[in-house]
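> sequence and predicted model, in that order:
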Amino acid sequence: MKVNLKSSLGRWLPVFLWAVIIFAFSSLPQIKVSEFFLWDFIAKKTAHVSEYAILFALIFRATKGSWILSFLATMLYAVSDEFHQSFVPGRTATFFDLGFDLTGANIASYTIWKLKQIHLLQPKKSPKI
């Protein structure tokens, strides 16, 4: 089996870059987005869900559609990110945040699945003669 390095790099580079972005944000001390607790909570948890939904989608693309491998890789990165946060001043590692991370992965998984179903149900256009 011949591996095309350019193709592999094109699929995995976005995953790596997004993981670096997540790592960089996780390295920052915790800041308040808003003085109002509910807005602060919503903003931070939306960030968790969004960043891991994107990570799942990028890994899914890189693995050429492997649902299980994509979810496991996303989960492992989320666990490692929570562990990393335990060393950042003002941050903590929580299972609660891990749950939001995996919720993002599940939302992305469901969205991709639905989009694939819609695409499969679309009638094929016949070629024009």
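Alright, I've got the coordinates. Numbers count the residues shown, from 1 in each chain.
> for the residue nearest to residue 95 when sequence neighbours are not counted, identify the helix or strand it belongs to.
Distance criterion Cβ to Cβ, 6 or more residues apart in numbering; nearest residue to residue 95, sequence neighbours excluded, is residue 82 at 8.0 Å. Yep, even glycine has a C-beta here, placed from its N, CA and C like the rest. Secondary structure here is read from DSSP states H and E; on that basis residue 82 sits in helix 67-85.
> which residues are contacting that helix?
19, 22-23, 26-27, 52, 55-56, 59-60, 63, 91-95, 97-98, 101-102, 105, 109 (Cβ atoms under 8 Å, 6 or more residues apart in numbering).
> try 7 Å
Taking contacts as Cβ atoms under 7 Å, 6 or more residues apart in numbering, the residues outside helix 67-85 that touch it are 19, 22-23, 26, 52, 55-56, 59-60, 63, 91-94, 97-98, 101-102, 105, 109.
> quick one: buried residues of that helix?
For helix 67-85, the buried set under the neighbour-count rule, 16 or more other Cβ atoms under 10 Å, comprises 70-71, 73-75, 77-78, 81-82, 85.
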